[in-house]
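Peer 1: build me a structure from this.
(one chain, ligands or ions: 1)
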Amino acid sequence: MRIAFFSAQPYEKEPFEKVNENYKHEIDYHESILNKKTAVLAEKAPVVCVFVNDKVDADTLKVLAKNGTKLIALRCAGFNNVDLKAAADNGITVVRVPAYSPYAVAEYTIGLLLSLNRKIHRAYVRVREDDFNLNGLLGHDLHGKTIGLLGTGRIGGLVAKCLKLGFGCEVLAHDIKPNKELEKFGIQFVEQQEVLAKADFLCLHCPLTPDTEHLVDEKLLASMKKGVKIINTSRGGLVDTKALVKAIESGQVGGCAMDVYEGERRLFYRDLSNEVIKDTTFQQLANFPNVLVTSHQAFFTAEALSAIAHTTLKNVSDFASQNNDPSVIVKN
Ligand SMILES: NC(=O)c1ccc[n+]([C@@H]2O[C@H](COP(=O)([O-])OP(=O)(O)OC[C@H]3O[C@@H](n4cnc5c(N)ncnc54)[C@H](O)[C@@H]3O)[C@@H](O)[C@H]2O)c1
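Peer 2: Residues are numbered from 1 along each chain as shown. A predicted model of the protein is given here:
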């Protein structure tokens, strides 16, 4: 099938072309992000392939439907950027890659947590500048600390086991559908309030939905232990960034590591190093010494890219033969 592939990055072409040798789809790679203005690029493509920051809202879907698009193939797990009702109203099916490598994201989460705690990112910069002093780099043992997790699905479950079994942390988790298997490893499921009250570090692993948007707001932050550190590798919209900035200024939050940001669509995956970034909330956040921000890269391993290409192209072929596995179809 003909696929209009939006937000294409150079590192995606190779794995997709390799896997496509088996599927023989016709892929048109477009660097542009998908939105209502760029949707015309998909003209006559029955399939539109999108990533996390493409804007698949009602206006975009209307243009796509008019041009003959029948399938939105997300090459990611999250689908918060797609208006599912508008897709259904326009007769467009939506499929995704529910799991490609939870290890990629879980391992990256641990990396961010370790770096934030021991300030490895700051030490790296200092040594490059021949500054070998340790003032300001003091960390804490993770052993015995309490880690709070919101969401214990594929990724959160791996993070929980790693921190409990590998580092000897106390892990307190909350999930609307607790994964009781994790209790075998000593991970305790408690109410969200208890997680918040006791956590030294809070890791976010629940999806972004209307229920979880700005879950981490001023009130939630105020209910946490003073000096708590927050790690978010899920979706930026889970956190009210303005409230987080205030909480860092006041010392209520002792630092954060963010792989995602609610306004990332305007920033991430582009080289803006010669531009003045006009998002002052982001600038404020990223410039605090106790904050580490990366550009939505937790998924970014060779294994994950290959798995994403396999599932995405299989989803397209299965759609052509009306044979999609129900687990990949996203419904309202
Ligand atoms: N940074 C990245 O590169 C990257 C890559 C992949 C996935 N992600 C994000 O990670 C998230 C988690 O992925 P996953 O594969 O573990 O998903 P998953 O569906 O396996 O697990 C999500 C868990 O969150 C729980 N949950 C839902 N609402 C909740 C709430 N209000 N409070 C507590 N728990 C709640 C669900 O019951 C489920 O157990 C995805 O939604 C996606 O947004 C980020």
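
Peer 1: ok, the residue nearest to Asp279 when sequence neighbours are not counted - how many residues close by?
Peer 2: Computed as Cβ to Cβ, 6 or more residues apart in numbering, the closest residue to Asp279 that is not its neighbour in sequence is Gly263, at 5.5 Å. The way it works is simple: take the backbone N, C-alpha and C, and place the C-beta from them, glycine included. The criterion is other Cβ atoms under 10 Å. On that basis, Gly263 has 13 neighbouring residues.

Peer 1: what number of residues lie near His296?
Peer 2: One way to gauge burial is a neighbour count; for His296, by other Cβ under 10 Å, it gives 22.

Peer 1: quick one on the thing from earlier: settle this for me: the residue nearest to Asp279 is touching Thr281, isn't it.
Peer 2: Yes: distance between Gly263 and Thr281: 7.3 Å, which falls inside the contact criterion (Cβ atoms under 8 Å).

Peer 1: any idea how far the nearest residue to Ile176 once chain neighbours are set aside is from the ligand?
Peer 2: Counting by Cβ to Cβ, 6+ apart, the nearest residue to Ile176 once its immediate chain neighbours are dropped is Cys206, at 8.0 Å. In this structure, Cys206 lies at 3 Å from the ligand, with Cβ to the nearest ligand atom, to the nearest Å as the measure.

Peer 1: show me the contacts for Cys206.
Peer 2: Contact analysis of Cys206 by Cβ atoms under 8 Å, 6 or more residues apart in numbering lists 150-151, 153, 156, 175-176, 212, 215, 234, 238.

Peer 1: let's see it at 7 Å
Peer 2: Contact criterion Cβ atoms under 7 Å, 6 or more residues apart in numbering gives 150-151, 212, 234 as the residues in contact with Cys206.

Peer 1: for Asn67, same thing?
Peer 2: Counting by Cβ under 7 Å, 6+ apart, Asn67 makes contact with 40, 42-44.

Peer 1: next one: Met258
Peer 2: Going by Cβ under 7 Å, 6+ apart, the list of residues near Met258 reads 232, 293.

Peer 1: start and end of stretch 317-331, how far apart?
Peer 2: Its first and final residues considered, stretch 317-331 spans 19 Å by Cα to Cα, to the nearest Å.

Peer 1: quick one: check that stretch for contact with the ligand.
Peer 2: No: Stretch 317-331 is not in contact with the ligand by Cβ under 6 Å from any ligand atom; minimum separation 11.0 Å.

Peer 1: re earlier: from the contacts of Asn67, which is closest to the ligand?
Peer 2: Nearest to the ligand among the contacts of Asn67: Ala42, at 24.3 Å, using Cβ to the nearest ligand atom.

Peer 1: apart from its chain neighbours, what residue comes closest to the closest one?
Peer 2: Ala4 (3.7 Å).

Peer 1: quick one: the helices in the stretch 1-150 of the chain?
Peer 2: Remark: helices assigned in the stretch 1-150 of the chain by DSSP state H, counting those that start in this stretch are 10-23, 58-66, 84-89, 102-118, 120-128.

Peer 1: mind checking the longest helix of this structure?
Peer 2: Looking only at the chain and at elements set by DSSP state H, the helix with the highest residue count is helix 302-320.

Peer 1: so what does that one touch, helix or strand wise?
Peer 2: Helix 302-320 makes packing contacts with helix 10-23, strand 71-74, strand 93-95 when contacts are defined by 3 or more Cβ pairs under 7 Å, 6 or more residues apart in numbering; DSSP states H and E.

Peer 1: which of the contacts of Asn67 are buried?
Peer 2: For the contacts of Asn67, a neighbour count by 16 or more other Cβ atoms under 10 Å gives the buried set as Ala42.

Peer 1: make a markdown table from the contacts of Asn67 and add pLDDT to it.
Peer 2: Putting the contacts of Asn67 into a markdown table (pLDDT from 0 to 100) gives the following:
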| residue | pLDDT |
| --- | --- |
| Val40 | 97 |
| Ala42 | 97 |
| Glu43 | 92 |
| Lys44 | 89 |
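
Peer 1: max pairwise distance over the contacts of Asn67: which two?
Peer 2: Using Cβ to Cβ, the contacts of Asn67 span at most 10.6 Å, a distance reached by Val40 and Lys44.

Peer 1: flag every residue of this structure that's near the ligand.
Peer 2: Counting by Cβ under 6 Å from any ligand atom, the residues of the chain lying close to the ligand are 77-78, 99, 102, 105, 150-156, 174-177, 205-208, 211-212, 233-235, 259-260, 296, 298-299.

Peer 1: now the buried members of the residues you listed.
Peer 2: The neighbour-count criterion (16+ other Cβ under 10 Å) marks 77-78, 102, 105, 150-156, 174-175, 205-206, 208, 212, 233-235, 259-260, 296, 298-299 among the residues of the chain next to the ligand as buried.

Peer 1: in JSON lines, list the helices and strands packed on helix 302-320 along with distance to His143.
Peer 2: Formatted as JSON lines, the helices and strands packed on helix 302-320 follow (distance: least, Cβ to Cβ, whole Å):
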{"stretch": "helix 10-23", "distance to His143": "37"}
{"stretch": "strand 71-74", "distance to His143": "39"}
{"stretch": "strand 93-95", "distance to His143": "43"}
